[in-house]
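Novice: Coordinates for the following, if possible.
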Amino acid sequence: MAQSQRKGQATQSGSGLRAFYIALAVIALAGIGWIAFSLTSRGGSSAAISATPLTGLDDPQALIAAAKGIELGPTDAPVRVLVFSDFTCPACRQFNTVVEPQLKAELVGSGQVRFTYYDYVLDLAAEGPHRHGFIAARAARCAGDQGKFWDLHDVLFARQQEWSYERTPPIDRFVEYGGLVGLDGEALRACLTSDQHADVVTANRMLGDNLGVRGTPTVYVANRVLAEWNSYDALKAAVEQELAGR
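Specialist: Down below sits the predicted model:
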């Protein structure tokens with residue numbers, strides 16, 4: 001799980017945690033630089049498979065606004081749970097298949113937790129073993145345009161070994177998976193073969209970097225990193241501790 005391991009610290013654009021994120025970002029931005037990579041092609045004529053340069057995000061509030069997590073659960077839930085994750089990361093797949101179903105059914109379903117997913121693409125240049133992480137993150141967000149983010153999110157993790165090692169960007173696979181969850185295939189393909197959502201996925205990675213995130217998955221319960229990210233019992237206990245302290 002070398003590079004695909006859990007990370008140090010994370011954040012989200014949820015209203016209840018805004019002050020927390022800003023405080024961390026102010027500290028981190030003082031000492032951490034960030035390198036952006038260019039798209040394979042500009043102008044939407046081919047698929048964006050790697051990060052895009054972003055400017056004007058030196059201000060922490062601007063960075064938080066640009067980095068958008070995908071949220072699930074009531075906006076007034078008393079506890080926030082965040083994850084920084086990559087679709088090519090085996091440990092993230094474990095979190096998705098072992099911990100997330102119970103988290104969603106029990107804690108989100110009961111209204112106790114607002115859960116947020118943040119992209120943290122491990123391979124920004126799309127050249128290494130995690131080379132398809134960026135386009136996979138875009139695929140899920142393209143599905144989100146049709147109201148199906150979480151549906152495709154789950155399929156991408158469940159079928160990770162089918163597509164993550166392909167030599168070329170697995171656009172056809174993603175369109176196939178989209179059909180399984182009821183997506184308009186033409187609209188999904190058009191989104192994938194453009195640079196749509198490349199800015200948001202890039203900003204999410206930038207935010208994670210500036211907050212000290214170093215591996216995936218990094219799971220936060222409120223403002224604390226959950227060390228035992230692969231244990232639902234540990235996550236539930238951390239949520240209950242937060243609830244007890246209110």
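Novice: list the contacts for R159?
Specialist: Neighbour list for R159: 173, 177 [criterion: C-beta atoms under 8 Å, 6 or more residues apart in numbering]. Where you see a C-beta, it was placed from the backbone N, CA and C, and this is true even at glycine.
Novice: okay, it: pLDDT?
Specialist: pLDDT, R159: 98.
Novice: where's it relative to Y120, distance?
Specialist: Computed as C-beta to C-beta, to the nearest Å, the R159 to Y120 distance reads 20 Å.
Novice: which residues in the chain form helices?
Specialist: Taking DSSP state H, the helices of the chain run over residues 18-29, 60-66, 90-94, 100-102, 133-144, 149-158, 160-163, 171-180, 185-192, 198-210, 232-244.
Novice: and V219, which of these is closest to it?
Specialist: helix 232-244 (7.0 Å; C-beta to C-beta).
Novice: what's in contact with the closest one?
Specialist: Against helix 232-244 from outside (C-beta under 8 Å, 6+ apart): 78-79, 81, 98-99, 102-103, 106-107, 112-113, 219, 221-222, 224, 226-229.
Novice: Just the buried residues from those, in ChimeraX please.
Specialist: Here is the ChimeraX command that picks out the buried ones among those, judged by 16 or more other C-beta atoms under 10 Å:
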select :79,81,99,103,107,112,113,219,221,222,226,229
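Novice: Quick check: which of the helices of the chain is buried the most?
Specialist: Comparing those by mean neighbour count (mean count of other C-beta atoms under 10 Å), helix 133-144 ranks first with a mean of 27.
Novice: what pLDDT, on average, does that helix get?
Specialist: What helix 133-144 shows for mean pLDDT is 98.
Novice: by contact count, what packs against that helix?
Specialist: Contacting helix 133-144 under the criterion 3 or more C-beta pairs under 8 Å, 6 or more residues apart in numbering; DSSP states H and E are the following elements: strand 70-72, helix 149-158, helix 171-180, helix 185-192, helix 198-210.
Novice: right, so of the ones you listed, which gets closest to L54?
Specialist: Among the helices and strands packed on helix 133-144, the nearest to L54 by C-beta to C-beta is helix 198-210 (5.7 Å).
Novice: that older thread, got TSV for the helices and strands packed on helix 133-144, with distance to P129 too?
Specialist: Formatted as TSV, these follow (distance: least, C-beta to C-beta, whole Å):
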stretch	distance to P129
strand 70-72	25
helix 149-158	16
helix 171-180	17
helix 185-192	21
helix 198-210	17
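Novice: Nearest approach to Q61 belongs to which of the ones you listed?
Specialist: Of all these, helix 198-210 comes closest under C-beta to C-beta, at 11.7 Å.
Novice: follow-up on the earlier one: nearest to T52, out of the helices of the chain?
Specialist: The nearest among the helices of the chain, by C-beta to C-beta, is helix 198-210 at 4.7 Å.
Novice: Point out where the protein drops to low pLDDT.
Specialist: For the chain, the stretches flagged by pLDDT under 70 are 1-45, 56.
Novice: rerun at 80
Specialist: Where the chain drops to pLDDT under 80, the residues are 1-45, 51-61, 124-126, 210-212, 246.
Novice: Skipping adjacent residues, who's closest to E162 in space?
Specialist: Residue nearest to E162 in three dimensions, not counting chain neighbours: R173, with 6.7 Å by C-beta to C-beta, 6 or more residues apart in numbering.
Novice: Next: W150.
Specialist: Using C-beta to C-beta, 6+ apart, the nearest residue to W150 is L72, at 6.7 Å.
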